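Enquirer: Sequence and predicted model, in that order:
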Amino acid sequence: MPLSDAECRNATSEGRAIRKLHDGDGLYLWVYDDGRKYWRLRYRLGDKEKSLSLGVYPTIGLSKASKSAQAERDKLASDLDPSAERRTKKLRDKLSTANSFEAVAREWYSKQLHTWVAHHADDVLRRLEKNIFPYIGKQTIGEIEAPELLYAVRVIEKRGSYDLAHRVLQVCGQVFRYGVATGRCKRDPSPDLRGALTPHKKKNQAAVSPEELPALMRAIITYDEIGDKQTRLALQLLALTFVRTNELIGALWSEFDLENGLWLVPAERMKMRTAHVVPLSDQALVILDELKIIAADSRFLLPGRNPDKPISNNTMLFALYRLGYKGKMTGHGFRAVASTMLNETGFRSDVIERQLAHCERNEIRGAYNRAEYLPERKTMMEWWANYLDGLAHGAKVIPLLKRKRH
């Protein structure tokens, strides 16, 4: 006798571990002693008996279970094995998930991670997770066409973030090319979008002109009147060394060879992941002596309120704001103005570029080149320090005396 809705609803295991109620043509409702109920279809394929799960009761009611059972019987009539087909679908779904844009992107990201500094790695992953994965992350990478990619990137454009849209598209292109290399897709559709995005004008970070540099250096000298001494010294050291702001903020005392006047920045803290040598002028060494007193026992060159952490990324930028240079100068601006002045003065461009750490990512070449042109760079850094000293003369000057070598 076929089952009724009431029988299904009221059925119990009657004390058995599993009670199997037959609806007919191989369809059963399995009732467990803990109250769970499952639909199963028994069938024979050749001389072998098999069974197939059709879902949980009451989510799948009697009528729906009967229709599902009939659909599976129709497959059997066409010599198709429902169990084998289901296994194939699961495998297909698993492969599809493994080959989704998100899966390939995360795999690509893990391969690149060791070549990036931490903040850049965080930026790349955040941009993908926020802007791309919600739209095409679950799609098989080989099936994504240019219009689908364009839709995701135009969502960024609608926020007015034109520069970010271009940057995210570039990252997507790298993911697709990795997918091509690993056999997960046939081509990279990102070049098809050339001209489809709103053009953007790249904004360089603010930097004073060489003519404005003297006033800036004199303003920095007065910062003690409105701020703290450590920040003033940090700005002066940034001007003298023109390293990237993050490289100075994260500096550890263990990186400094004060006896030989060298700062050895390890590869893991450099943007290009290549160790870098900064020759220290006499003026820089004087500043380091003063910073050492302020830092006390902290391992950081520029400790924050918590001596186990450095100052924040905004400390020096906000100091420039307070000096009246908001929108006119940034920490990165010291690199730009130093590059301009040193080139105009006649120092060799190769020497300047090496000191700016504009170098190749090749690890072997990088290890060899970190001290390349070092004698010339020492001369150049001493000249630059004396030049900045000269710019500050004529105003209230905090003297940068010659440091006594120990």
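Expert: That came in fine, so what should we check first?

Enquirer: how about the strand or helix carrying residue 383: buried residues?
Expert: In the assignment (DSSP states H and E), residue 383 maps to helix 374-392. For helix 374-392, the neighbour count (16 or more other CB atoms under 10 Å) marks 376-378, 380-382, 384-385, 388-389, 391-392 as buried. From N, CA and C alone the C-beta is placed, and that goes for glycine too.

Enquirer: Please identify the helix or strand for residue 151.
Expert: Judged by DSSP H and E, residue 151 forms part of helix 146-158.

Enquirer: So for that helix, what gets flagged as buried?
Expert: By neighbour count on 16+ other CB under 10 Å, the buried set for helix 146-158 is 149-150, 152-153, 155-157.

Enquirer: So which elements touch it?
Expert: For helix 146-158, the elements it packs on are helix 118-131, helix 133-136, helix 162-181, judged by 3 or more CB pairs under 8 Å, 6 or more residues apart in numbering; DSSP states H and E.

Enquirer: if we can go back for a sec, chain center to the helix holding residue 383, what's the gap?
Expert: Helix 374-392 has its C-alpha centroid displaced from the chain centroid by 36 Å (CA atoms, centre = their mean, to the nearest Å).

Enquirer: Is residue 248 in a helix, a strand, or coil?
Expert: Of the three states, residue 248 takes helix under DSSP: H, G, I helix; E, B strand; the rest coil.

Enquirer: confidence score at the residue nearest to it when sequence neighbours are not counted?
Expert: Once flanking residues are discounted, residue 248 sits nearest to residue 238: 5.5 Å by CB to CB, 6 or more residues apart in numbering. We have a pLDDT of 96 for residue 238.

Enquirer: Can you classify residue 238 by secondary structure?
Expert: helix.

Enquirer: Kindly report the same for the one 5 residues further on.
Expert: In the three-state summary, residue 243 is assigned as coil, counting by three-state DSSP.

Enquirer: Now for the closest residue in space to it that isn't next to it in sequence, how many residues are close by?
Expert: Using CB to CB, 6+ apart and skipping the chain neighbours, the partner closest in space to residue 243 is residue 278 (6.3 Å). One way to gauge burial is a neighbour count; for residue 278, by other CB atoms under 10 Å, it gives 24.

Enquirer: hang on, residue 278 in a helix?
Expert: No. Assigned with three-state DSSP, residue 278 falls outside any helix and is strand.

Enquirer: Enumerate the beta-bridge partners assigned to it.
Expert: residue 263 (DSSP bridges).

Enquirer: State the helix or strand in which residue 22 lies.
Expert: Secondary-structure assignment from DSSP H and E places residue 22 in strand 18-24.

Enquirer: Give me the sheet partners of the next helix or strand after that strand and which way each runs.
Expert: Next helix or strand after strand 18-24 toward the C-terminus (DSSP H and E): strand 27-32. Paired strands of strand 27-32, with direction, are strand 18-24 (antiparallel), strand 37-45 (antiparallel) (DSSP bridges).

Enquirer: just those: most buried one?
Expert: Stretch with highest mean neighbour count among the strands paired with strand 27-32: strand 37-45 (a mean of 18; mean count of other CB atoms under 10 Å).

Enquirer: what is the mean pLDDT for it?
Expert: Strand 37-45 shows a mean pLDDT of 87.

Enquirer: next one: that strand to chain centre, how far?
Expert: Taking CA atoms, centre = their mean, the mean C-alpha location of strand 37-45 is offset from the chain mean by 49 Å.

Enquirer: Need the contact partners of the helix holding residue 383.
Expert: 213-214, 217-218, 221, 239-242, 261, 277-284, 338, 341-342, 345, 347-348, 351-352, 354-355, 400 (CB atoms under 8 Å, 6 or more residues apart in numbering).

Enquirer: Also stretch 31-41?
Expert: Applying CB under 8 Å, 6+ apart, the contact partners of stretch 31-41 are 8, 11-13, 15-21, 26-30, 51-58, 60, 65, 68-69, 72-73, 82.

Enquirer: swap in stretch 295-305?
Expert: 230, 234, 248-254, 256, 288, 291, 307-312, 315.

Enquirer: and the angle for the helix holding residue 151 with helix 162-181?
Expert: 150 degrees (axes from the mean of the first three to the mean of the last three CA atoms, to 10 degrees).
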